[in-house]
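Colleague: requesting a structural model of the entry that follows:
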Amino acid sequence: MKIEQLYTGCLAEAAYFIESAGEAAVIDPIRETEPYIKLAQERGVKIKYIFETHFHADFVSGHLDLSHATGAPIVFGPTAKAQFDYIEAKDGEIFEIGDVTLKVLHTPGHTPESMCLLLYDENGKEHAVFTGDTLFVGDVGRPDLLDGVIISKEEQVSNLYDSLNKKIKTLPDDVIVYPGHGPGSLCGKSIGKETQSTIGREKMFNYALQPMTREEFTRIILADQLPAPQYFVKNAIINRTGYESIDDVLGRNVQPLGVTSVELEIETGALVLDTRNSDVFAIGHIPNSLQIGLDGSFAVWVGTLITDIKQRIVVVADKGREREAILRLARVGYENVAGYLEGGFDSWREAGMPVATTEVITAEELERIFDVATTKILDVRRTNEYKAGHLPNAINIPLRDLEKNLHQLNPKERYFVHCAGGYRSMIAASILARNGYNKVVNVNGGMEAIAKTQLPVLTEAKIA
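Modeller: Predicted structure coming up:
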């Protein structure tokens, strides 16, 4: 028996490849099928089943394409009601893969059809549990995704309480926990940094697995739960109803566009999405571009900030990374891509087209000019990050809420924008520039760099 975790950092998502005696199962595949088919070919095994622990909301899954490519059936948990051919597993149902077995544990709470898969080894011993979005390292799945649509978050919390106490905590302490997500995923609120654990460790350290009443559990789980990004519901619907083959999507979208073609796309409403590093974006970019760097939580921020999943998009990328950018857009359902700027941004500049820039300063430079009374600081970190330490009089508007709160800012003022490390603040600077805020300065290195200077950093406790 071999278990391989295939982790996709951009999505903070873990898929799994289990093989035994010439057969394999894939759990929660991402949209492109190549990694799983390649593994099967290299190891000379046949993919027998494709398991989906639930209808994923934060990415478009690869179940359909992988099933078409391999002939393996798709398996969902009870009550799934997908709109394509699949096996709807029963609670307790057993699936054999070579000399090992997977037992379905119906664990509603994150979604009604959520299931975990308990792996028994060749000797019939409980070896590992693949928990999807029911249980993470240090956290559990959010219960509010279908609130007001199918089932209330209060009902889901109650279901989750039962799933954890009756199905998960009763497993042996040495059973390995393989979750569906790691840190950075918005499917939980405080996921730990590791991507695997054990039942015993989670019972000891996971706040949600401590002994408590149903009422206490409800209060703790719903507290400080950020609203789900708007694309979550859209992706879940795609995963339930079906989608176009990723090969067809890439064949249509990975198209080189000359400068003139990009101009025409912009004139007809296309969004220019610049996926390059923030440093190179700052020294030159197409005016009104939205910057979201590939080397970060690209998919999450695309899905959070581009509210129209059908938005026409032109990609600007580093040479050689164009296909990667377009594939990663498709992973979260953004498929209306006109193409990419051929030759990269250099071709735009060399054609004599208008070029915009973003002013950037270091934390040390900010320290030299900082004045509590007059320096306008815009902190785009999450509220809990802001409370943990921020500059005096800083305006806190989390990046996800920036565009709908621009009325709080004055376009005639000069704002110094920062986040934790610089990734989110450049995205924010590009959003501000797109909306006519032309005196924006990005603070390179963010709060991590600010904390190393003598600038006054306040916490909520100090303010009180």
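Colleague: strands of the stretch 201-350 of the chain, start to end?
Modeller: When secondary structure is read from DSSP state E, counting those that start in this stretch, the stretch 201-350 of the chain shows strands at 256-257, 271-274, 290-291, 313-316, 337-341.
Colleague: between these, which gets nearest to Ala428?
Modeller: Closest of the strands of the stretch 201-350 of the chain to Ala428 is strand 290-291, at 9.5 Å (criterion: Cβ to Cβ). C-beta: built from backbone N, CA, C; applies to glycine.
Colleague: for that closest one, give me every contacting residue.
Modeller: 271-276, 278, 281, 285, 305-306, 426-427, 429-431, 434 (Cβ atoms under 8 Å, 6 or more residues apart in numbering).
Colleague: shouldn't Lys412 be within a helix?
Modeller: No - using DSSP: H, G, I helix; E, B strand; the rest coil, the assignment for Lys412 is coil, not a helix.
Colleague: sorry, back to before: need the strands of the stretch 201-350 of the chain in a markdown table (columns: mean neighbour count and mean pLDDT).
Modeller: Formatted as a markdown table, those follow (neighbours: other Cβ atoms under 10 Å; pLDDT from 0 to 100):
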| stretch | mean neighbour count | mean pLDDT |
| --- | --- | --- |
| strand 256-257 | 16 | 98 |
| strand 271-274 | 23 | 98 |
| strand 290-291 | 24 | 98 |
| strand 313-316 | 24 | 98 |
| strand 337-341 | 23 | 98 |
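Colleague: would you turn the ones you listed into TSV with distance to Leu458?
Modeller: Below are the strands of the stretch 201-350 of the chain laid out as TSV (distance: least, Cβ to Cβ, whole Å):
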stretch	distance to Leu458
strand 256-257	48
strand 271-274	34
strand 290-291	29
strand 313-316	38
strand 337-341	43
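Colleague: so where's this structure uncertain?
Modeller: Applying pLDDT under 70 to the chain flags residues 461-464.
Colleague: how's it carved up into domains?
Modeller: Per automatic domain parsing, the domain ranges recorded for the chain read 2-233, 244-350, 359-463.
Colleague: can you pull out the helices in the stretch 101-250 of the chain?
Modeller: Secondary structure of the stretch 101-250 of the chain (DSSP state H, counting those that start in this stretch): helices located at 153-163, 199-205, 214-222, 231-241, 246-253.
Colleague: mind putting those in CSV, mean neighbour count included?
Modeller: Formatted as CSV, the helices of the stretch 101-250 of the chain follow (neighbours: other Cβ atoms under 10 Å):
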stretch, mean neighbour count
helix 153-163, 20
helix 199-205, 18
helix 214-222, 16
helix 231-241, 19
helix 246-253, 16
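Colleague: those helices into JSON lines, with extra columns for distance to Phe55?
Modeller: Shown next, in JSON lines, are the helices of the stretch 101-250 of the chain (distance: least, Cβ to Cβ, whole Å):
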{"stretch": "helix 153-163", "distance to Phe55": "14"}
{"stretch": "helix 199-205", "distance to Phe55": "24"}
{"stretch": "helix 214-222", "distance to Phe55": "20"}
{"stretch": "helix 231-241", "distance to Phe55": "5"}
{"stretch": "helix 246-253", "distance to Phe55": "18"}
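Colleague: closest one to Pro172 among those helices?
Modeller: Closest approach to Pro172 among the helices of the stretch 101-250 of the chain (Cβ to Cβ): helix 199-205, 6.6 Å.
Colleague: who are the contact partners of Lys376?
Modeller: If you count contacts by Cβ under 8 Å, 6+ apart, Lys376 has them with Ile395, Glu413, Arg414, Tyr415, Phe416.
Colleague: quick one: which of the residues you listed is most hemmed in?
Modeller: Among the contacts of Lys376, the one with the most neighbours (other Cβ atoms under 10 Å) is Phe416, at 23 neighbours.
Colleague: show me what the nearest residue to that residue once chain neighbours are set aside bridges to in the sheet.
Modeller: Among residues not flanking Phe416 along the chain, Val441 sits closest, at 4.9 Å (Cβ to Cβ, 6 or more residues apart in numbering). Residues in a beta bridge with Val441, per DSSP bridges, are Glu359, Phe416.
Colleague: gap between Val441 and Gly339?
Modeller: Between Val441 and Gly339 the computed distance is 33 Å (Cβ to Cβ, to the nearest Å).
Colleague: likewise Glu122?
Modeller: Between Glu122 and Gly339 the computed distance is 50 Å (Cβ to Cβ).
Colleague: now Ala128
Modeller: From Ala128 across to Gly339, the span is 43 Å (Cβ to Cβ).
Colleague: returning to that earlier point: out of the helices of the stretch 101-250 of the chain, nearest to Arg321?
Modeller: Each of those has some distance to Arg321 by Cβ to Cβ; the shortest is helix 246-253, at 14.0 Å.
Colleague: mind exporting the C-alpha coordinates of that closest one to CSV?
Modeller: Written as CSV, here are the backbone C-alpha positions of helix 246-253 (Å, rounded to 0.1, in the frame of the first residue of the first chain):
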residue,chain,number,x,y,z
ILE,A,246,-10.0,21.3,-19.2
ASP,A,247,-8.3,20.5,-22.5
ASP,A,248,-11.0,22.3,-24.4
VAL,A,249,-10.8,25.3,-22.1
LEU,A,250,-7.0,25.6,-22.4
GLY,A,251,-7.2,25.0,-26.2
ARG,A,252,-9.5,28.0,-26.4
ASN,A,253,-7.9,30.3,-23.8
